[in-house]
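>>> Would you be able to build a 3D model of this:
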Amino acid sequence: MKIAGRLLGLTPDCSPKLLEEPGLYNRATDDLYILNREAIDFLATCTTGAVAPDKEDSADFIDFCLNEGILQPVAAPVERRIRLTQSPLPSLRYLLLHITNRCNLRCRHCFIGESGSTDLDLEKIKTFVDEFEGMQGLRLLVSGGEPLLHRKFWDLNDYLADRDLRIVLLSNGILIDDETARRLKVQEVQVSLDGMREAHDYIRGAGNFEGAVAAIRRLKAAGRQVSVATMIHSRNLMDFEALGALVKELGVNEWAVDLPSAAGRLESQSGLMVEPEAAGPLLGYSFGGAIHEPAPGYACGAHLMAVMADGRAARCGFYANLPVGDISEGLAVCWQRIKKMPLKELDCDCEFIEDCRGGCRFRAAGYNTPTGVDLCQCYRYGILKKVR
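Numbers count the residues shown, from 1 in each chain. Model (predicted):
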């Protein structure tokens with residue numbers, strides 16, 4: 001098909017972004033393409049529609065964009081606003097938004113602690129989501145508590161549908177029936193599976209394993225992308241082979257395995273804690289690209305900020321009791337207050353440091369010091385070996 005001279009439009013899920021390097025983000029596939037500024041400027045003109053240039057040196061790039069679903073032929077110009085402004089450095093790419101502290105479960109390992117009755121105000125959410133979009137954000141992680149319990153969740157669901165962001169809902173799955181799965185307008189739902197039936201239900205309550213698995217099946221049937229999050233605890237150490245088979249059978253896009261830190265309810269559940277030498281190798285069960293290329297030379301958290309249900313802003317949910325401010329001050333203001341830790345300041349320097357980025361800083365501080373090693377990652381990469 002001859003493209004030169006035809007009107008091309010940027011597909012609705014794709015947006016140019018000015019991050020550390022110019023890029024093109026596809027919120028439907030979660031792909032981030034690093035491009036030069038000339039390519040980004042051309043794609044920006046395609047937001048409403050642009051005539052394909054009749055230049056031989058442009059043909060390969062346009063073919064690439066067509067094949068990747070970045071561009072598509074259009075019959076007429078379309079109305080669409082793109083906010084192409086330089087991001088802060090390092091860029092804020094991921095915003096973890098705890099929209100409520102209400103929850104329908106009482107999980108033994110919840111780092112938030114006791115549930116409450118606080119909902120983040122919907123109009124405030126709209127204000128800083130708009131700011132996040134303008135800061136060239138990529139992924140908005142909508143969490144709780146259980147986010148579906150927010151009094152105005154469905155209003156928020158409708159509002160977020162047209163943002164130039166990938167919206168990921170983090171849920172325990174129990175409230176997701178067939179109608180809910182159909183009504184959701186998010187790109188991805190992450191459901192927690194903390195082991196097979198016995199281990200999961202020990203953590204989350206009897207019958208919740210069946211509910212979570214049923215939710216995943218409903219979401220897949222409704223055409224939603226689904227990921228699974230699993231926290232390592234003493235009751236699920238022998239479940240990972242079976243759980244891995246189940247996760248693949250369910251057809252999820254990503255499996256995130258992690259070791260929780262002693263916070264919230266887990267502080268009083270010491271019997272659930274797992275030593276890093278046992279947990280480290282289990283991290284290798286994870287698959288899928290949860291994090292795009294990080295800021296070079298920075299430790300974990302260089303692109304993430306969390307907002308709690310009461311409006312506190314922190315470097316992540318574990319640091320909620322050490323807030324950098326209130327979201328009413330503005331997203332950019334709070335982001336600039338978060339100290340990004342260079343890898344060179346850490347007390348570790350092995351060949352895997354760019355891969356693990358120093359691991360979890362909250363967990364590392366629990367093992368030793370804020371600049372110390374995350375022992376869990378050291379066992380994962382074989383820097384330390386389990387003594388039999």
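>>> Tell me how many other residues crowd residue 71.
Neighbours of residue 71 under the rule other CB atoms under 10 Å: 24. In this view, the C-beta of every residue, glycine as well, is placed from N, C-alpha and C.
>>> Please tell me how far it sits from residue 52.
Distance, residue 71 to residue 52, by CB to CB, to the nearest Å: 9 Å.
>>> list the helices and strands the worst-scoring helix or strand of the chain on mean pLDDT packs on?
Among the helices and strands of the chain, strand 50-51 carries the lowest confidence by mean pLDDT, DSSP states H and E, at a mean of 79. Secondary-structure packing of strand 50-51 (3 or more CB pairs under 8 Å, 6 or more residues apart in numbering; DSSP states H and E): strand 7-10.
>>> one more time with 10 Å, if that's ok
strand 7-10, helix 37-45 (3 or more CB pairs under 10 Å, 6 or more residues apart in numbering; DSSP states H and E).
>>> separation between the spatially closest residue to residue 233 that is not a sequence neighbour and residue 191?
Nearest residue to residue 233, sequence neighbours excluded (CB to CB, 6 or more residues apart in numbering): residue 272, at 4.4 Å. Distance of residue 272 to residue 191, given as CB to CB: 20 Å.
>>> So the two - more neighbours on which side?
Ranked by neighbour count (other CB under 10 Å), residue 272 and residue 191 place residue 191 first, with 23 against 20.
>>> who does the host helix or strand of the more buried one touch, helix- and strand-wise?
Using DSSP states H and E, residue 191 falls within strand 188-192. Packing contacts for strand 188-192, counted by 3+ CB pairs under 10 Å, 6+ apart, involve strand 139-143, strand 166-171, helix 197-204, helix 208-221, strand 225-231, strand 254-258.
>>> rerun at 6 Å
For strand 188-192, the elements it packs on are strand 166-171, helix 208-221, strand 225-231, judged by 3 or more CB pairs under 6 Å, 6 or more residues apart in numbering; DSSP states H and E.
>>> Just send those back as JSON lines, with mean pLDDT and mean neighbour count too.
Shown next, in JSON lines, are these (pLDDT from 0 to 100; neighbours: other CB atoms under 10 Å):
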{"stretch": "strand 166-171", "mean pLDDT": "98", "mean neighbour count": "22"}
{"stretch": "helix 208-221", "mean pLDDT": "98", "mean neighbour count": "19"}
{"stretch": "strand 225-231", "mean pLDDT": "97", "mean neighbour count": "21"}
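>>> which one of these lies closest to residue 279?
Residue 279 sits nearest to strand 225-231 of all those, at 9.9 Å, using CB to CB.
>>> What pairs with the closest one, parallel or antiparallel?
Strand pairing for strand 225-231, using DSSP bridges, gives strand 188-192 (parallel), strand 254-258 (parallel).
>>> For the first one, buried residues please.
Applying a neighbour-count criterion of 16 or more other CB atoms under 10 Å, one finds 188-192 buried in strand 188-192.
>>> Looking at those, which is nearest residue 337?
Out of the buried residues of strand 188-192, the member with the shortest distance to residue 337 (by CB to CB) is residue 190, at 27.7 Å.
>>> That closest one against residue 226, yeah?
No - the pair residue 190 / residue 226 is not scored as a contact, 7.5 Å apart, by CB atoms under 6 Å.
>>> Between the two ends of stretch 311-331, what distance do you get?
Start and end residues of stretch 311-331 are separated by 11 Å (CA to CA, to the nearest Å).
>>> tell me how far that stretch is from the chain's mean position?
From the chain centre to the centre of stretch 311-331 is a distance of 17 Å (CA atoms, centre = their mean, to the nearest Å).
>>> Quick one: mean pLDDT over it.
Stretch 311-331 shows a mean pLDDT of 94.
>>> And for that stretch, what's in contact with it?
Outside stretch 311-331, the residues that touch it by CB atoms under 6 Å, 6 or more residues apart in numbering are 128, 131-132, 261, 263, 301, 304, 306-308, 334, 337-338, 362.
>>> what about residue 46, distance to residue 77?
Residue 46 is 10 Å from residue 77, by CB to CB.
>>> Give the buried residues for the helix or strand just after the least confident helix or strand of the chain.
Next along the chain after strand 50-51, taking DSSP H and E as the criterion, comes helix 56-67. Neighbour-count burial for helix 56-67, with 16+ other CB under 10 Å as criterion, is recorded at 61-62, 65-66.
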